[in-house]
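Undergrad: give me the fold of what follows.
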Amino acid sequence: MCTNFKTGTNSLFIPGPTNVPDDVRMAMNVPMQDQRGPEFGALTLGILADLKRVFRTKDGTVMLFPGSGTGAWEAAITNTLNVGDRVMMARHGQFSTLWAEMATRLGLVVDVVDVPWGAGAPVSEFMRRLAADRKGEIKAVFVTQNETATGVTSDVAAVRRAMDDCFHDALLFVDGVSSVASIDFRMDDWGVDLAVTGSQKGLMCPAGLGILAVSSKAMAASASATMRRAYFEFRDMAQTSQSGYFPYTPPTQILHGLRRALDRINTEGLDAVIARHARLAEGVRRGVAAWGLSICAEHRSLASNTVTAIKVPEGVDAREVIRIGYERYNTSFGSGLARLAGKVFRIGHLGDLNEAMCLTALSVAEMALAEAGVDIVFGSGVAAAQGWYAMGKGQSNKLQIAAE
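TA: Purely as a prediction, here's the structure:
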C-alpha cells in the first residue's frame, strides 16, 4: 500500500507559478505551429497590444523574451546601462537582494539602501541621496514594487515624485513580477522606464516568458549602452516584434495560453481584477489576525494583495507548517526565503483566484499550524474571512478603501 498516495488535485497557494485556469491550459493544447507562418504574427501583435493595456502604457514598447522574469531583469540592465554606472537600489527582501546581486555581477556600482525585511522602498532616503547627487552620477533607481518574500508592496508613484522633486534624470526600473496584472501598476502615469514581469503570476500562464515594458527614454538609452548582450538585444527584439515575430524560436504554446489569459483579464476588466485581488487579500489578512498571528509587512498600508507572509510563534518552525500542509492535506504554501526560512510561511493569493480558494487556504493552514504546535482555534481565521467576503463585493471594497 502506498502511504504517499494523494487524491484530488494539489491546492496551490504559492505566490507563483500560480494556478493555470482550465481554459488557458486548453488554449495551449494546440499542434506545433510554424513561428514564421503568416498567422503567427497576428497572434503576437494582439498579445503585445493587450499587454500595453495591462502595463497601462501608450508609448512604451513591450517585449517578450523566452525565459523568465530574471531574464527580463538582465535584458533591462544590459540594454540601458554601462559597466561602472552607479545605480540605487533598496534591499528589503530576497528578490530585491537578488536584483542587487545581478546588478553587481553585471558590473554596476550599486548604492544599496538596506531596510528591514518587512519595510517598503525607502522613499525619503532615495530622495535624500538623489538630491545630493548634483552631478547626476546615479543613472538608475530600482524599485521592487511587490517584494514576494515579505508580502510588501512599495509606492512606485512616490519614488517617481521624489525623483521629479529632485529634478533627477535617472531611469526608473520596476520589478513588477508579482504585481503586474494583479496590483495597480501605471507605467506612463508613474514615469516608469523599464518594467519587468513574467508569464507565471498574475498572467496565469506557465513560466517561460520574461515580459518587459520599455519607455521611449529607455529605448533611446539602449542605442548608446555598451554593456555586452546578445540574446537579450533590444534592437533585434524590437525590429522583429513590429511584425509579430521573434529573432529566435518562441514558446508558441505559452503564447496561445497568454492570449487566452489576456482575454480573461479583458472580460473581467483590469480594474475589476485589481479590486478582486484587494478584496481577497484583505480576507486572508483578517483570517491571520483572527489567529493572533502577525504578517511580515511592518504596516497594513504596505501589505501585498498578492501574497501574505505569516510569522509563526517562537518555538514553531514554519517549515513544519509547510510540510504538514503538503504531506497531510495536499496543499502547497510558500516557504520563507533566506533569513525568513523557518520564520514565516506564505499564502499566495493571485491570478485565477476566488473566495472559496482563499477559505481553503486558511482552513488547511489552521490544521497545519495546530499540528505544528500553534495554539489556534479551529475556524477562527476562516470565520473572519467569511465575514469579510459575505459582505459582498461592493461593500467590502468600500470598507477596504476606507480602512486604507
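Undergrad: how near is the nearest residue to residue 363 once chain neighbours are set aside to residue 355?
TA: The shortest distance from residue 363 to any non-neighbouring residue, by CB to CB, 6 or more residues apart in numbering, is to residue 382 (5.1 Å). Every C-beta, even on glycine, is put in place using the N, C-alpha and C of the backbone. As defined by CB to CB, to the nearest Å, residue 382 lies at a distance of 11 Å from residue 355.
Undergrad: those two: which is more packed in?
TA: Neighbour count, other CB atoms under 10 Å: between residue 382 and residue 355, residue 382 has more, with 20 against 17.
Undergrad: what sits against the more buried one?
TA: Neighbour list for residue 382: 287, 359, 362, 363, 366 [criterion: CB atoms under 8 Å, 6 or more residues apart in numbering].
Undergrad: and the host helix or strand of it, C-alpha only, in PDB?
TA: Per DSSP states H and E, residue 382 falls inside helix 380-389. C-alpha atoms of helix 380-389 as PDB (Å, rounded to 0.1, in the frame of the first residue of the first chain):
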ATOM      1  CA  SER A 380     -11.400  31.400  13.700                       C
ATOM      2  CA  GLY A 381      -9.500  32.500  10.600                       C
ATOM      3  CA  VAL A 382     -12.000  31.100   8.200                       C
ATOM      4  CA  ALA A 383     -14.800  32.800  10.000                       C
ATOM      5  CA  ALA A 384     -13.100  36.200  10.000                       C
ATOM      6  CA  ALA A 385     -12.500  35.800   6.200                       C
ATOM      7  CA  GLN A 386     -16.100  34.600   5.700                       C
ATOM      8  CA  GLY A 387     -17.400  37.700   7.500                       C
ATOM      9  CA  TRP A 388     -15.400  39.900   5.100                       C
ATOM     10  CA  TYR A 389     -16.300  38.100   1.900                       C
END
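Undergrad: where does the prediction get shaky in the chain?
TA: For the chain, the stretches flagged by pLDDT under 70 are 1-4, 393-404.
Undergrad: now the helices for it?
TA: Remark: helices assigned in the chain by DSSP state H are 22-28, 38-55, 69-80, 94-105, 123-132, 156-165, 216-222, 234-241, 252-268, 270-291, 318-329, 355-372, 380-389, 393-403.
Undergrad: what packs against the first one?
TA: So that's helix 22-28. helix 252-268 (3 or more CB pairs under 8 Å, 6 or more residues apart in numbering; DSSP states H and E).
Undergrad: phi first, then psi, for residue 167.
TA: Main-chain dihedrals, residue 167, degrees, to the nearest 10: phi 50, psi 40.
Undergrad: ok, now which ones touch the residue nearest the centre of the chain?
TA: In the chain, the centroid-proximal residue (CA atoms, centre = their mean) is residue 178; its distance is 0.9 Å. Residue 178 sits next to 15, 16, 146, 148, 201, 202, 304, 306, 307, 350 when contact means CB under 8 Å, 6+ apart.
Undergrad: could you dump these into CSV with neighbour count and distance to residue 254 added?
TA: As requested, these are exported to CSV (neighbours: other CB atoms under 10 Å; distance: CB to CB, whole Å):
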residue, neighbour count, distance to residue 254
15, 25, 19
16, 21, 15
146, 31, 22
148, 28, 21
201, 28, 13
202, 30, 15
304, 31, 25
306, 28, 21
307, 30, 23
350, 27, 18
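Undergrad: let's have the residues you listed in a markdown table, adding distance to residue 156.
TA: Shown next, in a markdown table, are those (distance: CB to CB, whole Å):
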| residue | distance to residue 156 |
| --- | --- |
| 15 | 19 |
| 16 | 19 |
| 146 | 10 |
| 148 | 16 |
| 201 | 17 |
| 202 | 16 |
| 304 | 13 |
| 306 | 15 |
| 307 | 17 |
| 350 | 18 |
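Undergrad: the nearest residue in space to residue 54 that is not next to it in sequence: what's it in contact with?
TA: Nearest residue to residue 54, sequence neighbours excluded (CB to CB, 6+ apart): residue 181, at 5.3 Å. Residue 181 sits next to 54, 197, 201, 202, 203, 265, 270, 273 when contact means CB under 8 Å, 6+ apart.
Undergrad: need the max-distance pair from these.
TA: Spatial extent of the contacts of residue 181 (CB to CB) is set by the pair 201 and 270 at 15.0 Å.
Undergrad: on that earlier part again, separation between the residue nearest to residue 363 and residue 358?
TA: For residue 382, the distance to residue 358 - CB to CB - is 9 Å.
Undergrad: sorry, back to before: so which of the helices of the chain is nearest residue 63?
TA: That would be helix 234-241 among the helices of the chain, by CB to CB, at 4.8 Å.
Undergrad: residues touching that closest one, excluding its own?
TA: Residues contacting helix 234-241 (CB under 8 Å, 6+ apart): 44, 48, 61, 63-65, 75, 79, 214, 219, 222, 246-247.
Undergrad: now find how far off-centre that helix is within its chain.
TA: 25 Å (CA atoms, centre = their mean, to the nearest Å).
Undergrad: ditto for stretch 244-261
TA: With CA atoms, centre = their mean as the basis, the mean position of stretch 244-261 lies at 20 Å from the chain mean.
Undergrad: quick one: buried residues of it?
TA: 244-246, 250-261 (16 or more other CB atoms under 10 Å).
Undergrad: what's the first-to-last distance across stretch 8-20?
TA: With CA to CA, to the nearest Å as the measure, the first residue of stretch 8-20 is 16 Å from its last.
Undergrad: I'd assumed residue 308 was in contact with residue 344.
TA: No - counting by CB atoms under 8 Å, residue 344 sits too far from residue 308 to count as a contact (9.4 Å).
Undergrad: can you pull the buried residues of stretch 45-61?
TA: For stretch 45-61, by 16+ other CB under 10 Å, it's 47, 48, 50, 51, 52, 54, 55, 56, 57, 60, 61.
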